[in-house]
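Peer 1: Below: sequence and its predicted model.
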Amino acid sequence: MTRKKRFILISTVLTIISTILFNHLYANDLLVDTAKNLIDTTAVKVADFQQSQSIFDIASILPFHDHYLIWDTTSVHPYHFDLTHMQDTVTLVLADHSDCAFMAPTAGFITSGFGVRVAPNYRYVKGKRGKMQRYFTGYGTAYHYGVDLALHKGDNVCAAFDGIVRYSAYNTGGYGNCVVIRHYNGLETLYGHLSGRIVTPGQSVRAGELIGYGGSTGYSTGPHLHFETRYLGEPIDPTTFIDFKDSTYHLKSDTLLISKESFYYFSRGSNAYAVKRGRFAHGRHYATTVTKAPKYYTVRKGDTIYAVANRNGVTVNRLMQVNGISKNSGLRPGQKLVLK
């Protein structure tokens with residue numbers, strides 16, 4: 001059967017099923033788009049549909065499909081939900097220790113947590129042979145939407161929960177070799193900077209199953225695992241429900257409550273300022289409503305970092321972090337510093 005005929009067959013079957021089973025504006029487009037993606041995955045074949053008595057069990061292919069409404073194998077962050085205005089509280093059953101277990105993605109300790117941090121800035125220039133060259137331009141602030149876990153290059157990286165691989169590719173936005181898994185509990189987890197990937201989109205994985213190997217690809221200064229937990233595309237601090245205190249990571253609770261309060265960090269403190277300046281998190285910009293404008297200080301002749309911090313009631317570390325400067329940075333008269 002030719003590729004074109006396979007696509008027509010899958011699209012026709014899924015369109016009929018969506019018309020019968022789903023009274024939803026996006027159902028038809030969702031399933032047709034899914035058919036296009038399934039053609040490009042080696043884990044799902046036309047024969048699987050033809051041999052199945054139920055023809056097509058959509059829940060087994062698209063975990064939480066009725067919430068996400070999309071299955072994209074080409075983009076790390078394809079969603080456009082604003083959960084800061086969600087009205088209800090959602091309860092996710094993270095693990096029931098039978099159909100959906102939990103396992104640590106790797107055994108390393110946290111080297112960088114969730115939140116604002118000082119990050120290097122780079123300028124990228126295409127070289128003579130077309131290869132991109134990276135030049136360090138200084139330090140700035142960026143929001144870190146996951147946690148970094150220590151490991152050595154080649155260490156095993158495993159799936160945190162049971163689910164289906166949605167994305168497995170080299171990401172040019174900063175993650176490097178990256179895997180994204182959608183889980184039956186409603187979360188998606190992301191594994192970045194891998195040295196190698198051994199899973200493909202559409203592949204079913206169990207908690208603790210090997211998905212790749214630790215590395216330092218993408219925007220990385222050394223081997224580590226960048227690990228994110230997201231709901232409908234929006235990041236959640238994994239330390240709120242995973243205990244990372246020792247290498248025997250475990251869930252703090254088998255359930256996770258999600259409400260708009262879970263995403264208030266989008267419009268609070270340094271993150272609001274970072275977003276207002278157009279900061280990106282590995283290529284994705286997070287829109288937000290800034291509730292309080294940043295306070296600035298204009299440097300005068302003779303000012304030092306310590307003097308400015310003491311005069312305005314902020315710590316030296318805070319002043320350096322927000323402005324991306326170090327203790328040895330010289331201040332210029334007229335330079336504007338962010339205080340809060």
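Peer 2: Here it is on my side, so go on.
Peer 1: Point out where this structure drops to low pLDDT.
Peer 2: 1-61, 97-100, 120, 122, 132, 134, 246-247, 266-294, 321-324, 340 (pLDDT under 70).
Peer 1: Outline the domain layout of it.
Peer 2: 1-61, 110-258, 296-338 (automatic domain parsing).
Peer 1: out of those domains, nearest to residue 84?
Peer 2: For residue 84, the closest of the domains of the chain is domain 110-258, at 8.5 Å, according to CB to CB. Heads up, the C-betas are built off the backbone N, CA and C, glycines and all.
Peer 1: Tell me the span between the first and last residue of that closest one.
Peer 2: Criterion CA to CA, to the nearest Å; first-to-last residue distance in domain 110-258 is 24 Å.
Peer 1: same question, stretch 213-233
Peer 2: Taking CA to CA, stretch 213-233 runs 24 Å from one end to the other.
Peer 1: Equivalent analysis for stretch 178-198, please.
Peer 2: Note: stretch 178-198 ends 11 Å apart using CA to CA.
Peer 1: and if you look at stretch 78-85?
Peer 2: Start-to-end, stretch 78-85 (CA to CA) is 19 Å.
Peer 1: cool, and stretch 188-201?
Peer 2: Separation of the first and last residues of stretch 188-201 by CA to CA is 14 Å.
Peer 1: Kindly report the same for stretch 105-112.
Peer 2: Stretch 105-112 end-to-end distance (CA to CA) = 16 Å.
Peer 1: Next, work out how far apart residue 160 and residue 208 are.
Peer 2: Between residue 160 and residue 208 the computed distance is 9 Å (CB to CB, to the nearest Å).
Peer 1: Show me which of these two is the more surrounded one.
Peer 2: residue 160 (29 against 17; other CB atoms under 10 Å).
Peer 1: And that one, its phi and psi?
Peer 2: phi -80, psi -40 (degrees, to the nearest 10).
Peer 1: For residue 326, see how far away it is.
Peer 2: Taking CB to CB, one finds residue 160 at 36 Å from residue 326.
Peer 1: Kindly report the same for residue 130.
Peer 2: 35 Å.
Peer 1: Comparing these two, which residue is more hemmed in?
Peer 2: residue 326 (11 against 6).
Peer 1: Skip the chain neighbours and tell me the closest residue to that one.
Peer 2: Once flanking residues are discounted, residue 326 sits nearest to residue 320: 6.2 Å by CB to CB, 6 or more residues apart in numbering.
Peer 1: Show the contacting residues for the spatially closest residue to residue 64 that is not a sequence neighbour.
Peer 2: Excluding the flanking residues, the one nearest residue 64 by CB to CB, 6+ apart is residue 186, at 4.8 Å. Residue 186 makes contact with 63-64, 67, 90, 92, 231, according to CB atoms under 8 Å, 6 or more residues apart in numbering.
Peer 1: do residue 101 as well
Peer 2: 95, 161-162, 206-208.
Peer 1: For this structure, just list every one of the helices.
Peer 2: 3-21, 27-39, 46-51, 58-61, 65-68, 269-276, 305-312, 316-323 (DSSP state H).
Peer 1: thinking again about what came up before, quick check: the gap between the residue nearest to residue 326 and residue 110.
Peer 2: Distance from residue 320 to residue 110, by CB to CB: 22 Å.
Peer 1: what about the two, which has more around it?
Peer 2: Between residue 320 and residue 110, counted using other CB under 10 Å, residue 320 has the larger neighbour count: 19 against 16.
Peer 1: so that one makes contact with residue 314?
Peer 2: No: counting by CB atoms under 8 Å, residue 320 does not reach residue 314; the two are 10.1 Å apart.
Peer 1: returning to what we had before: quickly note the distance from the residue nearest to residue 64 to residue 312.
Peer 2: As defined by CB to CB, residue 186 lies at a distance of 44 Å from residue 312.
Peer 1: how about the contacts of residue 101 in JSON lines, adding distance to residue 197?
Peer 2: JSON lines is the format used below for the contacts of residue 101 (distance: CB to CB, whole Å):
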{"residue": "95", "distance to residue 197": "24"}
{"residue": "161", "distance to residue 197": "18"}
{"residue": "162", "distance to residue 197": "18"}
{"residue": "206", "distance to residue 197": "17"}
{"residue": "207", "distance to residue 197": "18"}
{"residue": "208", "distance to residue 197": "17"}
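Peer 1: Buried ones among the residues you listed?
Peer 2: 95, 161-162, 207-208 (16 or more other CB atoms under 10 Å).
Peer 1: closest to residue 135 among these?
Peer 2: residue 161 (39.5 Å).
Peer 1: quick one: contacts for the closest one?
Peer 2: By CB under 8 Å, 6+ apart, residue 161 lies in contact with 94-95, 100-103, 181, 183-185, 187, 189, 207.
Peer 1: Could you dump these into CSV with distance to residue 235 added?
Peer 2: Shown next, in CSV, are the contacts of residue 161 (distance: CB to CB, whole Å):
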residue, distance to residue 235
94, 16
95, 20
100, 21
101, 23
102, 18
103, 21
181, 15
183, 15
184, 20
185, 16
187, 11
189, 11
207, 20
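Peer 1: Mark which of these are part of strands, please.
Peer 2: 181, 183, 187, 189 (DSSP state E).
Peer 1: Next, the contact list for the second one, please.
Peer 2: The one in question is residue 183. Residues near residue 183 by CB under 8 Å, 6+ apart: 63, 100, 160-163, 189.
Peer 1: Farthest pair within the residues you listed?
Peer 2: Pairwise over those, using CB to CB, the maximum falls at 63 and 160, 13.7 Å.
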